[in-house]
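>>> Quick check, what structure comes out for this input:
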Amino acid sequence: FCNGGDPNVAFPRDCGPKGHVGGQWNSLTRGGQPNWRISVYKKVAVAAPVAKAAAATDATGDKPIGASDAYVVEEEKLTRDGFQVTATCRDGYPGDAKVTVCGRHGMPYVLSGCTESICLAPANLPVGFVLEEKNLDAHHFDVKVSCKSGFSPNGKMLVWPCAADTSPYIIEGTCSVRECIPPTDTTGYIVREISKSVLDFNVEVTCDFNRGYRPIAAGQAYSTGTCLPSGTYELNECCPTGYSIITSLDDCKAAYDQLQPKATGKAAQWGGNAPRTSRPTGCYLYTGNGNTHYNPTDVVGKTMAGDDMVICKQASGQWTTLYTKGSFSPNVASPQDDFDHKIEDSAASDGSVIIRRECTNCRADHKDIYLKMKNSKIWPSPYQALLVTWADTNSGRGTPKGFKTNFNLYSSLDDAENDRNPWGFCNGGDPNVAFPRDCGPKGAVGGQWNSLTRGGQPN
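Model prediction:
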């Protein structure tokens, strides 16, 4: 059934398979069905097989099964009785061609035995390339190549099919790094991308103090990421909380001994999940001529080559949080008695105590400070000295009592444990200005102190 002629009521009005069906029409102006699509169909002719066909006047079969560009076919007689069809494999299609007569009158005969030449992707794909493989048959080859995000092509990018079955296809052209992208894992780092262009690459990298990551070389400015040929930049300055940089030759040897069972010769495999970094300071492990060498400092004149690693070792001790302010979590605010007792209970066998102050917004050399006291009793209350008013002085606001004799300040745990590189300046005695007032590695540094009542550093 079909009807029409209702103004602005379009296809198919009330037409139906057997009778009147209303409300199924579409319209541009009168409503109707809200979701519809109209398309047009064009039948595509199927290409005939490549063949040299002889005249055939008897009843014949249909297009042969298996017919493709792989075969050269000669048809002499297509009746089942006296069937004469020969076939060979076209150049580039390996195998032995076979023709099988049809099963009954009017059915196609079968071609078999010739295989396609399938190309393989190159084993070592150049850096920055992206492949789109639609057809790997050498005779219907359809592979496109382009440069991935952050790379630019140098001239035309071309792909040529393989010359033989299961051999690699050929790529012409190169991709150059246009801009660097961040590595997959940025845990422990705060990254500010000023410019990712290789022409003026500028990415600032700092350690994520709130997650417990610290610079491997305390007190030094953090490095800017380095753009690699792979199109990513490195993040290689920070060790997690509980780890410190290896500095002694003995520790380097121990790290190498742990590396050996991995049987790879690469420091990157040391210790399984142990954190690594590739900054050329501290313990410097490097491979050369099949041997792994170790040295407590950088090797002068040697170029970093990917196998060179600085190892962060796990500290033997454990930190107990006593007090936090601002962005540090979880929030901890130990009462004075508890604060002082926990410090006393943390004394080492020689009576010494190490206390750490972390500060997110402080300048680089004050983000992580280590206070080492000869014993826990040098002040009546460490709580008052560290959180209320920093360090009693002999008179007024001068040098704190016991500085360089009963306590020292350091820039790393390793320095504090080994009494190396103590800070050179310290003062105190300013009411409600707490640790470390203006103490600094070489001279006075203001504005880095914490306080419970007078402002100071917020985090």
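
>>> contacts, neighbours, all on C-alpha from now
Will do.

>>> So for this structure, the centremost residue is which one?
Geometric centre of the chain, nearest residue: residue 184, 1.2 Å, by CA atoms, centre = their mean.

>>> And that one, how far from residue 207?
16 Å (CA to CA, to the nearest Å).

>>> Can I take it that residue 159 is in a helix?
No - Residue 159: not assigned to a helix; according to DSSP: H, G, I helix; E, B strand; the rest coil it is strand.

>>> wait, doesn't it sit right on residue 141?
No - using CA atoms under 8 Å, residue 159 is not in contact with residue 141; the gap is 9.4 Å.

>>> So which of the two has more stuff around it?
Ranked by neighbour count (other CA atoms under 10 Å), residue 159 and residue 141 place residue 141 first, with 19 against 16.

>>> Tell me the predicted confidence for the more buried one.
pLDDT, residue 141: 87.

>>> try residue 347
87.

>>> so it sits right up against residue 375, yeah?
Yes - using CA under 8 Å, residue 347 makes contact with residue 375 at a distance of 7.1 Å.

>>> just so I have it, where are all the helices in the stretch 351-459 of the chain?
Counting by DSSP state H, counting those that start in this stretch, one finds helices in the stretch 351-459 of the chain at the ranges 382-383, 413-418.

>>> swap in the chain?
249-259, 336-345, 382-383, 413-418 (DSSP state H).

>>> how about residue 228, what does it touch?
Residues counted as contacts of residue 228 (CA atoms under 8 Å, 6 or more residues apart in numbering) are 180, 234.

>>> for the stretch 251-400 of the chain, which spans come out with low pLDDT?
251-317, 393-396 (pLDDT under 70).

>>> any idea where the strands of it begin and end?
For the stretch 251-400 of the chain, strands defined by DSSP state E, counting those that start in this stretch occupy the ranges 276-277, 284-288, 291-295, 310-314, 353-358, 368-373.

>>> What of the stretch 1-150 of the chain?
51-53, 71-77, 84-89, 95-100, 110-114, 129-135, 142-147.

>>> how about those strands, which one is nearest residue 5?
Ranking the strands of the stretch 1-150 of the chain by proximity to residue 5 (CA to CA) places strand 129-135 first, at 48.6 Å.

>>> Give the buried residues for stretch 170-185.
Neighbour counts over stretch 170-185 (16 or more other CA atoms under 10 Å) mark 171, 173, 174, 175, 176, 177, 178, 179, 180, 181, 182 as buried.

>>> And for it, what's in contact with it?
122, 126-129, 145, 147, 150-162, 196-199, 201, 227-235.

>>> Tell me the gap between it and the middle of its chain.
14 Å (CA atoms, centre = their mean, to the nearest Å).

>>> What of stretch 365-383?
With CA atoms, centre = their mean, you get 39 Å for stretch 365-383.

>>> Now do the end-to-end distance for it.
Across stretch 365-383, first to last residue, CA to CA, it's 23 Å.

>>> can you offset everything so residue one is 710?
Done: numbering now begins at 710, and the last item shifts to stretch 1074-1092.

>>> Let me know the pLDDT of the residue nearest to the centre of the chain.
At residue 893, pLDDT is 73.

>>> Pull out the buried members of the contacts of stretch 879-894.
836-838, 854, 856, 859-862, 866, 868-871, 905-907, 910, 936, 940-944.

>>> Residue 875 against residue 825, yeah?
No - judged on CA under 8 Å, residue 875 makes no contact with residue 825 at a distance of 9.9 Å.

>>> Quickly note the distance from the closest residue to residue 868 other than its chain neighbours to residue 849.
Excluding the flanking residues, the one nearest residue 868 by CA to CA, 6 or more residues apart in numbering is residue 880, at 4.6 Å. Distance, residue 880 to residue 849, by CA to CA: 17 Å.

>>> Repeat that for residue 1109.
Taken as CA to CA, the span from residue 1109 to residue 849 is 84 Å.

>>> for residue 1070, same thing?
62 Å.

>>> same deal with residue 838?
In terms of CA to CA, residue 838 sits 22 Å off from residue 849.

>>> cool, and residue 1030?
Distance from residue 1030 to residue 849, by CA to CA: 67 Å.

>>> do residue 1082 as well
Relative to residue 849, and taking CA to CA, residue 1082 is found at 78 Å.

>>> who's more crowded, those two?
Remark: of residue 1082 and residue 849, residue 1082 carries more neighbours, 24 against 14, as counted by other CA under 10 Å.

>>> Is that one bridged to anything, and to what?
Note on residue 1082: beta-bridge partners by DSSP bridges are residue 1062, residue 1116.

>>> That one contacts residue 1115, correct?
Yes - with contact defined as CA under 8 Å, residue 1082 and residue 1115 form a contacting pair (6.0 Å).

>>> hang on, the earlier thing: select, out of the strands of the stretch 710-859 of the chain, the one closest to residue 715.
Using CA to CA, those put strand 838-844 closest to residue 715, at 49.0 Å.

>>> Summarise which helices and strands the closest one is packed against.
strand 851-856 (3 or more CA pairs under 8 Å, 6 or more residues apart in numbering; DSSP states H and E).

>>> now the angle from the strand it packs on to strand 838-844?
170 degrees (axes from the mean of the first three to the mean of the last three CA atoms, to 10 degrees).

>>> ok, back up a step: any idea which of the buried residues of stretch 879-894 is closest to residue 1167?
Closest to residue 1167, out of all of the buried residues of stretch 879-894 and judged by CA to CA, is residue 891, at 30.0 Å.

>>> Run a quick neighbour tally on residue 748.
Residue 748 has 4 nearby residues by other CA under 10 Å.

>>> measure it to residue 861 for me?
In terms of CA to CA, residue 748 sits 39 Å off from residue 861.
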